[in-house]
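A.B. asks: Sequence first, predicted model second:
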Amino acid sequence: MALQISATNPEHPALLLRLPWHLPLEEWPPEHLVPLPRGISRHVVRYARAGDEVVAVKELAERPALREYRLLRDLDRIGIPAVDALGVVTGRTDDAGRPLEPVLITRHLGGSMPYRSMFETTLRPATMHRLMDALAVLLVRLHLSGFAWGDCSLSNTLFRRDAGAYAAYLVDAETGELHPRLSEGQRAYDLDLARVNISGELLDLEASGALHPSVDPVGFGTEICVRYERLWEELTRTSVYPAGKHHYMERRIRRLNDLGFDVAEMQIERAPHGDTVIFVPKVVDAGHHQRQLLRLTGLDTEENQARRLLNDLESWMATQDDHAPPGAARGARPEVLAHRWVREVFRPTVRAVPPELRGTMDAAEVYHELLEHRWQLSERAGRDIGLETAVADYVARLPPEAAAVPGPAGEPHGSGPGPAAGPPTDRATADRPHA
């Protein structure tokens, strides 16, 4: 069979053709290789240069190579942190015409390290805890997306520093399976494999003298299960709140945001007796909300603004079936309700703040400031005070000169801060930024 290169980018085949596919990976000459640290693998893996890119090349049989290629592309499509699949090369033969194993080609993840390279200098326990956090987050993301890894381990993960923490990326999907939804048994199997694999890998490091003496390999293997279960519970549990305590739901959403997850939508049900609300958040990765808000409302905002506005939109939409205006159809499409929200809630609320008090704030930022102010007042009062009351209080507390006072870097304060939720006598500090 002739050499075939299946690639995601039309430019890649021409670049990849320059590599010595007639040689087994173990025999590739140094001029084609890039000396980067490699983790332990069942297969032969090499880093090579293809044009301006560094690629990882892995030898394996044709069927698993094509399967892993498709799975990695699926993971990229649904936004899971994993290496990018660039192509598969089949039909390889040596100079004598003997067949060689196909290869899977992925893009090297810049700035990433396999765990063994990180342990070349003995990691402190605090750093290892951050690695376990990153791996737990990755496993939860995979399971929420319906992906059963089948071989979760430190060896099958790449770690990249992320502002004092670590981000974990899946690097080996060979044993994975993508389903619409995972069962409890599938999740438990993945988690038990992770515990056994991680404990074994740390025991191996301990035997080589590369493990901090205070680290218990078996204990850290168990820790991934504890951290996973806590995160899974926070992300998926159903909360029951007293009716009218909408700021409780916002508190829950803030906790999810702090964990690195965004809320794509909320399922809110009112109990039959009418005095409690059942709240189930549905989480997604960051970057979703800007596109979602633009599609629903036509509002083009920054990502954090979009997240906040969508949360408010979802809460408002959940109340509309029981309070639809005369002549309005129940169960209206989300797009219809979203445009009603813009017309009946968003625009009137923003207009309630006089233009001379807005400074350089755009409409989305003004609305975000008002939602923040309402939340602070509701937390202090122990009840939802409502948007109209919050707007009136916001306007009353905002000094007219606040919009013109430059910030520390010469930027107007109107670009972000709003009035504090302190007592009315705090007008002198009303333009300080929120924490």
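C.D. replies: Structure's in. What do you need? Numbering: from 1, shown residues only.

A.B. asks: did I read that right, V336 in a strand?
C.D. replies: No: assigned with DSSP: H, G, I helix; E, B strand; the rest coil, V336 falls outside any strand and is helix.

A.B. asks: Next, work out how far apart it and V342 are.
C.D. replies: Separation of V336 from V342 (CB to CB, to the nearest Å): 11 Å. Using the backbone N, CA and C atoms, a C-beta is placed for each residue, glycine as well.

A.B. asks: of those two, who's got more company?
C.D. replies: Neighbour count, other CB atoms under 10 Å: between V336 and V342, V342 has more, with 17 against 13.

A.B. asks: show me the contacts for the nearest residue in space to that one that is not next to it in sequence.
C.D. replies: Closest residue to V342 apart from its sequence neighbours, by CB to CB, 6 or more residues apart in numbering: T297 at 5.1 Å. Shown in contact with T297 (CB atoms under 8 Å, 6 or more residues apart in numbering): 309, 313, 338-339, 341-342, 346.

A.B. asks: Could you do L371 as well?
C.D. replies: Taking CB under 8 Å, 6+ apart, one finds 308, 312, 387 in contact with L371.

A.B. asks: The same query, at a cut-off of 6 Å, please.
C.D. replies: Residues in contact with L371, defined by CB atoms under 6 Å, 6 or more residues apart in numbering, are 308, 312.

A.B. asks: Also L158?
C.D. replies: 109, 112, 169, 171.

A.B. asks: one more time with 7 Å
C.D. replies: 109, 112-114, 169, 171 (CB atoms under 7 Å, 6 or more residues apart in numbering).

A.B. asks: Now go through these and say which are in strands.
C.D. replies: Within those, residues falling in strands by DSSP state E are 112-114, 169.

A.B. asks: about what we covered before: emit the ChimeraX select command for whichever of the contacts of T297 are buried.
C.D. replies: Those of those that count as buried under 16 or more other CB atoms under 10 Å are selected in ChimeraX with:
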select :309,313,338,339,341,342,346
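
A.B. asks: and the contacts of T297 as a markdown table, adding distance to R63, secondary structure and pLDDT?
C.D. replies: Formatted as a markdown table, those follow (distance: CB to CB, whole Å; DSSP: H, G, I helix; E, B strand; the rest coil; pLDDT from 0 to 100):
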| residue | distance to R63 | secondary structure | pLDDT |
| --- | --- | --- | --- |
| L309 | 47 | helix | 90 |
| L313 | 46 | helix | 91 |
| A338 | 46 | helix | 91 |
| H339 | 49 | helix | 91 |
| W341 | 50 | helix | 94 |
| V342 | 51 | helix | 94 |
| F346 | 53 | helix | 95 |
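
A.B. asks: will you turn the contacts of T297 into TSV that also has distance to W28?
C.D. replies: Formatted as TSV, the contacts of T297 follow (distance: CB to CB, whole Å):
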residue	distance to W28
L309	52
L313	54
A338	55
H339	59
W341	59
V342	58
F346	59
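
A.B. asks: Max pairwise distance over the contacts of T297: which two?
C.D. replies: The largest separation in those, counting by CB to CB, is between L309 and H339 at 13.5 Å.

A.B. asks: Let me know the closest of the contacts of L158 to G382.
C.D. replies: Y169 (43.1 Å).

A.B. asks: Would you agree the closest one is in contact with D84?
C.D. replies: No: look at Y169 against D84 with CB atoms under 7 Å: they stay out of range, at 10.0 Å.

A.B. asks: which stretches of the stretch 251-400 of the chain form helices?
C.D. replies: 289-297, 303-317, 334-341, 347-351, 355-358, 363-381, 387-397 (DSSP state H, counting those that start in this stretch).

A.B. asks: In JSON lines, list those helices along with distance to R73.
C.D. replies: Formatted as JSON lines, the helices of the stretch 251-400 of the chain follow (distance: least, CB to CB, whole Å):
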{"stretch": "helix 289-297", "distance to R73": "20"}
{"stretch": "helix 303-317", "distance to R73": "25"}
{"stretch": "helix 334-341", "distance to R73": "29"}
{"stretch": "helix 347-351", "distance to R73": "42"}
{"stretch": "helix 355-358", "distance to R73": "45"}
{"stretch": "helix 363-381", "distance to R73": "34"}
{"stretch": "helix 387-397", "distance to R73": "44"}
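
A.B. asks: Figure out which of the ones you listed is closest to L235.
C.D. replies: helix 303-317 (15.7 Å).

A.B. asks: Now that closest one - C-alpha only, CSV.
C.D. replies: C-alpha atoms of helix 303-317 as CSV (Å, rounded to 0.1, in the frame of the first residue of the first chain):
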residue,chain,number,x,y,z
GLU,A,303,-16.6,36.9,28.1
ASN,A,304,-17.0,37.8,31.8
GLN,A,305,-19.8,40.2,31.1
ALA,A,306,-21.5,37.6,28.9
ARG,A,307,-21.3,35.0,31.7
ARG,A,308,-22.9,37.3,34.2
LEU,A,309,-25.6,38.5,31.8
LEU,A,310,-26.5,34.9,30.7
ASN,A,311,-26.8,33.9,34.4
ASP,A,312,-29.3,36.7,34.9
LEU,A,313,-31.1,35.8,31.6
GLU,A,314,-31.4,32.2,32.6
SER,A,315,-32.9,33.1,36.0
TRP,A,316,-35.4,35.5,34.4
MET,A,317,-36.4,33.0,31.7
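
A.B. asks: how much does that helix deviate in direction from helix 289-297?
C.D. replies: Angle between the axes of helix 303-317 and helix 289-297 is 40 degrees (criterion: axes from the mean of the first three to the mean of the last three CA atoms, to 10 degrees).

A.B. asks: what's the spacing between K58 and S41?
C.D. replies: 7 Å.
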